[in-house]
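A.B. asks: sequence first, then the predicted structure:
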Amino acid sequence: MTATVLVVEDEPAIQELVSYNLELAGHRALRADNAEQALEMVRTELPDLVVLDWMLPGMSGLEFARRLRTDRRTHAIPLIMLTARVDEKDKLTGLETGADDYLTKPFSPRELNARVKAVLRRRAPQATDDAVHVDGLQLDPVSHRVTGNGQTLSLGPTEFRLLHFFMTHAERVYSRTQLLDQVWGDHVFVEERTVDVHIRRLRKALEATGHDRLIQTVRSAGYRLSTA
Ligand code: CA
């Protein structure tokens, strides 16, 4: 599975280097030259991760990070800060603001990819290639296969993403808007009832092995995957 990574960097060469390497690693890179443009982009599509330069013209990277963290919709987006500074105090401020990690320039593509992978694994497991298991149900993002008690189950691409998100966020309730943001990456142009349609298809696909019971409706709140 590929992660959508928003790269906010005003220096064209570094923006290109970071984006190119993310794409080589199989991710999808969205590019912004400044924080104002990045905020605009986040409004229409929620990325799985933001790689953010500290020193930006106009709104600073720090201020952008604060805005992400204070908005309920964006507060959980993992964040890696790029900094030219080696000052310990600055690193601390960055981490206090909610950055999950930081890279000091210059950094190697290998270092970047390793950090991205570690942060995604910790904060956005649905965007990694790790296989997940819940109660006899297994989903493998690499082979794109889902099995229930060893039996292959057939899922459409959206149901697959939805199930992957649920399995990596078990026991938590998500509203339709949150699911649109997390699974479709968009709560603006997709209608909420779309979620209900795909939940129905997902349950149907899991019926063969009885795993449809895991996908639960929580009245007036949304949906969750639960073994209880
Ligand atoms: Ca800069």
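C.D. replies: Nice, thanks for sending it over. Owing to the predicted nature of the structure, the values given are computational and were not obtained by experimental measurement.

A.B. asks: going by C-alpha atoms from here, please, whenever you check contacts or count neighbours.
C.D. replies: Will do.

A.B. asks: quick one: pLDDT of Gln126?
C.D. replies: The model reports Gln126 with a pLDDT of 82.

A.B. asks: mind giving me the domain split of this protein?
C.D. replies: 4-127, 132-225 (automatic domain parsing).

A.B. asks: nearest to the ion, of these?
C.D. replies: With CA to the ion as the criterion, the ion lies closest to domain 4-127 of the domains of the chain, at 4.3 Å.

A.B. asks: end to end, how far does that closest one reach?
C.D. replies: Chord length of domain 4-127, first to last residue, is 8 Å (CA to CA, to the nearest Å).

A.B. asks: so can I have TSV of the domains of the chain showing mean neighbour count?
C.D. replies: Rendered in TSV, the data for the domains of the chain read as follows (neighbours: other CA atoms under 10 Å):
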stretch	mean neighbour count
domain 4-127	18
domain 132-225	17
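
A.B. asks: go through those and find the least confident stretch.
C.D. replies: Looking at the domains of the chain, the bottom one is domain 4-127 with a mean of 90.

A.B. asks: from the chain's centroid, how far away is that one?
C.D. replies: 12 Å (CA atoms, centre = their mean, to the nearest Å).

A.B. asks: again, but for stretch 180-190
C.D. replies: 12 Å.

A.B. asks: can I get it as PDB, trimmed to CA atoms?
C.D. replies: Below are the C-alpha coordinates for stretch 180-190, written out as PDB (Å, rounded to 0.1, in the frame of the first residue of the first chain):
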ATOM      1  CA  LEU A 180     -14.000   9.500   4.300                       C
ATOM      2  CA  ASP A 181     -10.900  11.400   5.300                       C
ATOM      3  CA  GLN A 182      -8.900   8.300   6.300                       C
ATOM      4  CA  VAL A 183      -9.900   5.800   3.700                       C
ATOM      5  CA  TRP A 184     -11.000   8.000   0.700                       C
ATOM      6  CA  GLY A 185      -8.700  10.900   1.700                       C
ATOM      7  CA  ASP A 186     -11.600  13.200   1.000                       C
ATOM      8  CA  HIS A 187     -14.600  14.200   3.000                       C
ATOM      9  CA  VAL A 188     -15.400  17.200   0.900                       C
ATOM     10  CA  PHE A 189     -16.500  15.800  -2.500                       C
ATOM     11  CA  VAL A 190     -17.600  12.300  -1.500                       C
END
